[in-house]
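> Sequence and predicted structure are below.
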Amino acid sequence: MPELPEVEVTRLGLAPRLTGCHVSRTVARVPALRYPLPAGLPQRLQGKVLRGITRRGKYLLFDFGDGHLLVHLGMSGSLRLTGEDRIAEKHDHLDIAFDGEVLRLRDPRRFGAVLWLAGEPAEHPLLAHLGAEPLSRDFSASALAAALQGRRIAIKPAIMDSGIVVGVGNIYASESLFRAGIDPRAPAGQVSRARLARLVPAIKATLRSAIRAGGSSLRDYVSCDGGLGDFQSRHQVYGRANEACRHCGTTIRMLRQSNRATYYCPRCQR
DNA sequence: ATGTGACCCTGGATGC
DNA sequence: TGCATCCAGGGTCACA
């Protein structure tokens, strides 16, 4: 489920509940997700105070003062708050108890990651080469134009390249290109400046509106087993192959780019 | 350097 | 009902 909006909704839900709380217990139930879990994590976290939660791309960073716990939710991960007595279910891989509330990581496909970062997070190999934050001022038409200069890759996989811009996953890449009226197959380096000047705000607007949609179910999300917001009901093209474009009625098409499904309206996106 | 495809893993949907 | 097949929101890696 998680693209950037889902990760941000998770952060917004957890931060006010957990910031300033002490770790009373940590339980790891699997040795590894994508990577081995940090050795001695329970001992390391014991008694530590959580200073805050930040996000870089789809990575969450839990600041414990002398280091950060990095969490990535992969394709199927979720973080929920639950009671101390709630029994862990299948795929509940990690619990961190904070003064009575338990932060629980569930990830059926185990594509997620949990790492301990002792140093400056931005210098960690997983984070050091990441591109612009899409919701920051740094992500502008001119910055995107510079990053795409001379690139022959199609624009859709280009905006999913985390070295260019982070957090634009498969759903929101298709949705943003629809919103901007750009053909997903267009060579990235040849998309005009005027079109990039539409695409950048389209990405920002798509992500922000998804965050707001997730935000509407925020309390449920954090307190029980998680509604995911209703953004999917607003999808213009994603998952709508052979259905009518909501704007012009043309049949939505699906194709594969870099082994990922791309959805687009051949009339609205040229 | 750049772009593409295989792959990590499990579960749900679909079809026979 | 059971079984096989395909597909999935991410990211890394090997290779052309």
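On my side now, so go ahead.
> Wasn't residue A:172 part of a helix?
Yes: read with DSSP: H, G, I helix; E, B strand; the rest coil, residue A:172 is one of the residues of a helix.
> distance of it from DNA strand B?
Relative to DNA strand B, residue A:172 is positioned 19 Å away (Cβ to the nearest atom of the strand, to the nearest Å). All C-beta spots, glycine's among them, are computed from the backbone N, C-alpha and C.
> same thing with residue A:148?
Counting by Cβ to the nearest atom of the strand - residue A:148 and DNA strand B are separated by 9 Å.
> Show the backbone phi and psi for the closest residue in space to that residue that isn't next to it in sequence.
Closest residue in space to residue A:148, ignoring its immediate chain neighbours: residue A:188 at 4.4 Å, by Cβ to Cβ, 6 or more residues apart in numbering. Backbone torsions for residue A:188, taken as degrees, to the nearest 10, come to phi -60, psi -40.
> Give me the pLDDT value at residue A:188.
Turning to residue A:188, the model gives it a pLDDT of 96.
> tell me the contacts of it?
If you count contacts by Cβ atoms under 8 Å, 6 or more residues apart in numbering, residue A:188 has them with A:148, A:151-155, A:158.
> Might you specify the subset of those residues located within helices?
Counting by DSSP state H, the contacts of residue A:188 place A:148, A:155, A:158 in helices.
> what would these look like in JSON lines with pLDDT and neighbour count?
Formatted as JSON lines, these follow (pLDDT from 0 to 100; neighbours: other Cβ atoms under 10 Å):
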{"residue": "A:148", "pLDDT": "96", "neighbour count": "21"}
{"residue": "A:155", "pLDDT": "97", "neighbour count": "26"}
{"residue": "A:158", "pLDDT": "97", "neighbour count": "25"}
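> Just the closest of those residues to residue A:248, please.
Nearest to residue A:248 out of the ones in helices among the contacts of residue A:188 is residue A:155 (Cβ to Cβ; 20.5 Å).
> tally of neighbours for the residue in the stretch 51-200 of chain A that DNA strand C sits nearest to?
Nearest to DNA strand C in the stretch 51-200 of chain A, going by Cβ to the nearest atom of the strand, is residue A:169, at a distance of 2.3 Å. A total of 20 residues lie near residue A:169 under the criterion other Cβ atoms under 10 Å.
> quick one: the residue of the stretch 1-150 of chain A found nearest DNA strand B from residue A:167, how far?
Going by Cβ to the nearest atom of the strand, DNA strand B is nearest to residue A:109 of the stretch 1-150 of chain A, at 3.4 Å. For residue A:109, the distance to residue A:167 equals 19 Å [Cβ to Cβ, to the nearest Å].
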